[in-house]
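Peer 1: please work out how this folds:
(one chain, ligands or ions: 1)
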Amino acid sequence: MAFIVKKKIREKEYFYLNENKRVSGKVKTKTLAYLGKTRGGAEKRAEEILNSKKLDKKINEEMEQQKISIEELTAFCKRKGFVYQSGEIYGGLAGFWDFGHLGVELKNNLKKEWWKYHVYQREDMVGIDGSIITHPQVWKASGHVDSFSDIFVVCKKCKKPSKIDKNEIGTAKCDFCGGSFDEKTAKEFKLMFKIQIGESAESYLRPETAQLIFTNFKFVYENARMKLPFGIAQIGKAFRNEIAPRDFLFRSREFEQMEIEYFIKPDSKCPYEVLDDEILIYSAEAQEKNIVPSIMKIKDALVKGIIKKDWHAYWLATEFNFFKNLGANPKNFRIRQHKKTELAHYSSDCWDLEYNFPFGWKEIEGIADREDYDLSQHEKFSKKDLKVFDSDSKEKILPHVICEPSLGVERAFLVFMFDSFFFDNKRKNTILKLHPKLSPVKAAIFPIVKKTEFENMAKKIFEDLRKDLHVVYGKHWKEIRKK
Ligand code: ATP
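Peer 2: Next up, the predicted model:
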């Protein structure tokens, strides 16, 4: 049975949807979702969640999930108008993709839902939209000019080029054939696209959206009258001159990111509850000792010290729930901690949210603790004071970024496409069971009877709905059934 509970944290009220379940004779309570800060909003959200659960249960009884390869998904996306290779009539350009009439709707819905969940539904978050090209010093300060690179290697066996990380030289194997890489071919490869501005100036296409958040941080803090802890969110294009773009949208040269920088007073505690979610947890220790990852509650991983900071556990659960709430299959997710050799020098901990793609477990979202590295660097390079006045402690503070959840729109797009492929046993056809909030088409109007009065009524409904939603007007129902 599901019910709403109210919790008081630091004099503020938060509503959650809980469920009681009998497990081995004992009644256990599980938190299903965070519902917001008002009773009215919580009731509405709870109803939505419970209705979609009921509908899901009914549909699931008739459907069977289909496993498809990335090549099959690529072909499907082209056939149905989701995604085309960019410039295909000229032979295409590796790493660049165009979204078709359904793809653009799904992608826009995905971004809209991300924005609602992370910005509108929170009091501690505001958004910005930074420019794609900015002052080149931004990229010097961030460290990208000097060290944003991969290692280019060629496989000894199949001769295909690949990218590896610096710490993988000598150990990595080729993804295509499992062969070893020729170390003699290993060279550093810079990932930023250089561009000319005007006649003589130069800069770069941004390789991430995050730096624009740091450079605007103090303006936003003051103009939006934020108080720590708070976050700034952004969605936008990023460009990386990837050595070997592959796996359809997974690794491309032009993509979009949905990123947050979450700022706190150094060492402050997280006031929010960590949602009660179970997920496959692959700690750095388990990877180093070759131990199989285990399913655990994110909360418990925090108590056991596997996840070091409460804020980090909170954001990992929050990000996992973004996918769960939109109907992704939780069994296809895990969180993987970066090993010491992967960690940037300024980062004390980093976890990736990974998805079990047909080509293996891969990162879809990085969630790093960046401390005060970025703001300090921009203070140093710009010679501007980026400290802010904290009205509680009456001091000037350079906040720490406790978490930087950074999610690629296209990787999330792939997740929802894979998780929504089902076979309808009753009708014997493949269907795409996307969450209604993501679905490219919200409704289709089919006049049941071929009579003017019915058709006029159907058209009126269509005209009303299309004012707010993407709806289609179908052919006469009987004509469709005849096919
Ligand atoms: P990878 O190790 O797969 O190259 P990364 O660790 O370099 O990824 P980040 O810099 O953490 O990636 O970027 C944050 C997010 O941006 C990634 O989790 C991913 O979703 C997305 N992203 C990064 N590079 C690409 C790319 N080339 N194509 C599509 N999405 C990308």
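Peer 1: who in the stretch 351-483 of the chain is up against the ligand?
Peer 2: The stretch 351-483 of the chain comes close to the ligand at residues 363, 364, 365, 366, 406, 407, 408, 410, 411, as judged by Cβ under 6 Å from any ligand atom. Quick note: C-beta positions are derived from backbone N, CA and C, even for glycine.
Peer 1: just flag the most distant two among those.
Peer 2: For these, the farthest-apart pair by Cβ to Cβ is 366 and 410; their separation is 14.7 Å.
Peer 1: neighbour count for the two, which is higher?
Peer 2: The neighbour count for residue 366 versus residue 410, taken as other Cβ atoms under 10 Å, is higher for residue 410 (22 against 16).
Peer 1: quick one, what contacts the more buried one?
Peer 2: With contacts defined as Cβ atoms under 8 Å, 6 or more residues apart in numbering, residue 410 is in contact with 97, 249, 250, 252, 255, 256.
Peer 1: again, only this time at 6 Å
Peer 2: Residue 410 makes contacts with 249, 255, as judged by Cβ atoms under 6 Å, 6 or more residues apart in numbering.
Peer 1: still on that earlier bit, which of the residues of the stretch 351-483 of the chain next to the ligand lies closest to the ligand?
Peer 2: Closest approach between these and the ligand, by Cβ to the nearest ligand atom: residue 408, at 2.5 Å.
Peer 1: how far away is residue 297 from residue 79?
Peer 2: 41 Å (Cβ to Cβ, to the nearest Å).
Peer 1: so which bits of stretch 146-158 are buried?
Peer 2: Burial within stretch 146-158, assessed by neighbour count using 16 or more other Cβ atoms under 10 Å, is assigned to 148, 149, 150, 151, 152, 153, 154, 155.
Peer 1: could you find the closest non-adjacent residue to the residue nearest the centre of the chain?
Peer 2: Geometric centre of the chain, nearest residue: residue 407, 3.4 Å, by Cα atoms, centre = their mean. Spatial nearest neighbour of residue 407, chain neighbours left out: residue 365 (4.1 Å); criterion: Cβ to Cβ, 6 or more residues apart in numbering.
Peer 1: now name the helix or strand holding that neighbour.
Peer 2: Under the criterion of DSSP states H and E, residue 365 resides in strand 360-368.
Peer 1: elements contacting that strand?
Peer 2: With contacts defined as 3 or more Cβ pairs under 6 Å, 6 or more residues apart in numbering; DSSP states H and E, the packing partners of strand 360-368 are helix 310-325, strand 350-357, strand 400-408.
Peer 1: could you pull up phi and psi at residue 472?
Peer 2: Here is the backbone geometry of residue 472 (degrees, to the nearest 10): phi -120, psi 150.
Peer 1: does it really touch residue 446, like I thought?
Peer 2: No: Residue 472 is beyond contact range of residue 446, at 9.5 Å (criterion: Cβ atoms under 6 Å).
Peer 1: and the longest helix along the chain, how far from the chain's centre?
Peer 2: For the chain, the helix reaching the highest residue count under DSSP state H is reported as helix 39-62. Distance of helix 39-62 from its chain centroid, counting by Cα atoms, centre = their mean, to the nearest Å, is 23 Å.
Peer 1: and that helix, what's its mean pLDDT?
Peer 2: When pLDDT is averaged along helix 39-62, the result is 79.
Peer 1: can you check stretch 381-389 too?
Peer 2: On average, stretch 381-389 scores 97.
Peer 1: just the buried positions in it, please.
Peer 2: Of the residues in stretch 381-389, those buried under the neighbour-count criterion (16+ other Cβ under 10 Å) are 386, 388.
Peer 1: what does stretch 416-425 give?
Peer 2: Using 16+ other Cβ under 10 Å as the burial criterion, the residues of stretch 416-425 that qualify are 416, 417, 418, 419, 420, 421, 422.
Peer 1: good, we can wrap up now.
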